[in-house]
Structure formats: structure tokens, C-alpha cells
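Participant: next input, structure requested:
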Amino acid sequence: MNKFLLKTATVVSLSFMAFTQVSYASSHVDYKIIGEDSRVKVNNTTLNPYQSITFIESKFNNVYEDCSGTVIAPNKVITAAHCVYNPEHGGLTEQSKITPGLNGKIAPFGQFESNDINVPQQYKDHQEDQYDIAIIDVKPRNGVSIGNVVKPIQIEASDNSKNKEVEITGYPSDKFEQLRVQTQWSSSSLVDFQDGNKAYYTADTISGESGAPIFNKQTNNIIGVHTGAVETNAGLYNRGTTFTKNILKWVKQNL
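Facilitator: Numbers count the residues shown, from 1 in each chain. A predicted model of the protein is given here:
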């Protein structure tokens, strides 16, 4: 798809807020899974890397937003900025609760809470989609860090992810609505193209999966975080913020 078509695109964020299923920065568009639904349920979330994928519930005043994330260091979880920063509800989340490997009613590694949130200044100032990424500093629980109960996932530079096979795994809201519990689901595809910090792909995702890891299927490393969908006159793509040189520099500064 020609990247210049994005000028007329409508953007959809894939966080799940109690009062809306799109984030404050998005135009609401009802859309479907791209083609046939290719998502597969992760049955055993205690295995690597699925144990390190987290369900995140963030509180903004009296509004709650559900997202996904990944443990990448002993006390750090990476996610999408719009999951933890919302200027319409006071800016940074009051608190995020982080549950690695959540599988229905079972939280095999317990639940943790946020200590601090880091969001790029470009996103705070202008909600620039190219900088839709955030790092949560996670409080130890009973003296034990989140990265000591699950294995942190290695991050990988990705200035151009075109044609890489990727997997996006997170906690979709439609499955919660069906099952009434949070469950992990995964979908894979090739990256169709890269535009700036954003990679575009057709792996199936739904609200609630914002912040989910973009895995390089060849290395099992994380090359970015899923942020939402973009609809153009050429069709619908899902996309995420990847670890380009400038994004990776910011990430390393906040580990």
C-alpha cells in the first residue's frame, strides 16, 4: 500500500476503556477483523514468552482502561502510551495494575502495581502517534520483582521491519465480552511496510490489545508494541510502534 494514502486515514486505537472502546486520540470507526479471524487462544500462559505478556488495567479518575504489555526488564513493562496517558482524564494514569500471564481466573504469577510511568514528551505534548509507547516502572511485590517471577523478553532494534513475520499476542476485549474472563490470543502475519516508527501488518487484533508485543517470529524477541488500526481507501491495517533508532534510544534511557 502506498504510504501517502495514510494522509486520509482514520486511526483506531486498540485499548479498551470502560466507557469507550477507542482511545481519546482516535476517530471512532467500527471495523472487523481483517479477513478471516486468524487469532489462536494461548492455552498455557506459563510458558515463555507468554508468561511475560501482561494484562494491564489503568485507572483515570473513575474511568478504567484495559490494555496489554510485556515485561522487558526486572521492574519494567512496555506498552502503548495511550494506555497510560489520557489528557482528557488528567494525563497519566493514577495507577496501573499489571498481571503477567493472566489466564481466565488464574493469575499464575500474581498481580503487580505501577510505581512510575514514562511517556515520550512528543506524545505528552501532541499525542504524536509515532511516539505511542510507554514504559511502566513496576513495584516489587513482597520484595520480589515482576522480572524475577517471569522471564523478561529481549528487545530488538527494527528500523525497517518490512517482510518480517510477526506475532501479536494480547488480551482482546471481544473475547472478554464472550467469556467474561481475560484470556490471551495470538495472530501472525508479515509486515507489509514501515513508515517512520510505525510497522503495518494484517495480523488480527481487537481493542484491549494496545501495548501488546510485536514479536519477531524468527528470534522471539520483541521489535515493538501494537497500538491500533488505520483504515485507508486501500483497506485496513493494524500497526504498532517499532524499535527504530530513536525509539530504542528512548527505551534504553528509561530502563
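
Participant: surely residue 78 is in a helix?
Facilitator: No. When classified by DSSP: H, G, I helix; E, B strand; the rest coil, residue 78 is found to be strand rather than part of a helix.

Participant: pretty sure it sits against residue 211.
Facilitator: Yes. Contact criterion Cβ atoms under 8 Å: residue 78 and residue 211 qualify, at 7.5 Å. Every residue, glycine included, has its C-beta placed from N, CA and C.

Participant: shared neighbours, those two?
Facilitator: Shared contacts of residue 78 and residue 211, defined by Cβ atoms under 8 Å, 6 or more residues apart in numbering, are found at 69-70, 134, 225.

Participant: which of the residues you listed ranks first by neighbour count?
Facilitator: Within the shared contacts of residue 78 and residue 211, residue 69 tops the neighbour count with 32 neighbours, counted by other Cβ atoms under 10 Å.

Participant: residue 55 versus that one, what's the distance?
Facilitator: Remark: distance between residue 69 and residue 55 (Cβ to Cβ, to the nearest Å) = 8 Å.

Participant: now for the two: what residues contact both?
Facilitator: Both residue 69 and residue 55 are in contact with residue 98, where contact means Cβ under 8 Å, 6+ apart.

Participant: partner residues bridging the residue lying closest to residue 116 once chain neighbours are set aside?
Facilitator: By the measure of Cβ to Cβ, 6 or more residues apart in numbering, the closest residue to residue 116 outside its immediate chain neighbours is residue 137, 4.0 Å from it. Residue 137 has the following beta-bridge partners by DSSP bridges: residue 76, residue 116.

Participant: end-to-end on stretch 130-143?
Facilitator: Distance between the two ends of stretch 130-143: 36 Å, counting by Cα to Cα, to the nearest Å.

Participant: ok, now stretch 108-115?
Facilitator: Chord length of stretch 108-115, first to last residue, is 21 Å (Cα to Cα).

Participant: what does the longest helix seen in the chain rub up against?
Facilitator: The helix spanning the most residues in the chain, taking DSSP state H as the definition, is helix 245-253. Residues lying outside helix 245-253 but in contact with it, judged by Cβ under 8 Å, 6+ apart, are 78, 120, 131, 133, 135, 155, 157, 159, 197, 224, 241, 243.

Participant: hey, C-alpha coordinates of it in CSV?
Facilitator: Coordinates of each C-alpha in helix 245-253 appear next as CSV, following Å, rounded to 0.1, in the frame of the first residue of the first chain:
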residue,chain,number,x,y,z
LYS,A,245,16.9,4.0,16.4
ASN,A,246,15.3,7.0,18.1
ILE,A,247,12.6,4.9,19.9
LEU,A,248,15.2,2.3,21.0
LYS,A,249,17.3,5.1,22.4
TRP,A,250,14.4,6.4,24.4
VAL,A,251,13.5,2.9,25.7
LYS,A,252,17.1,2.2,26.9
GLN,A,253,17.2,5.6,28.7
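
Participant: is residue 178 within a helix or a strand, and which one?
Facilitator: In this structure, residue 178 sits in helix 173-179 according to DSSP states H and E.

Participant: re the thing from before, among the contacts of helix 245-253, which lie within strands?
Facilitator: Secondary structure assignment by DSSP state E places 78, 135, 224, 241 of those in strands.

Participant: surely the second one meets residue 255?
Facilitator: Spelled out, that is residue 135. Yes. Using Cβ under 8 Å, residue 135 is in contact with residue 255, at 7.3 Å.
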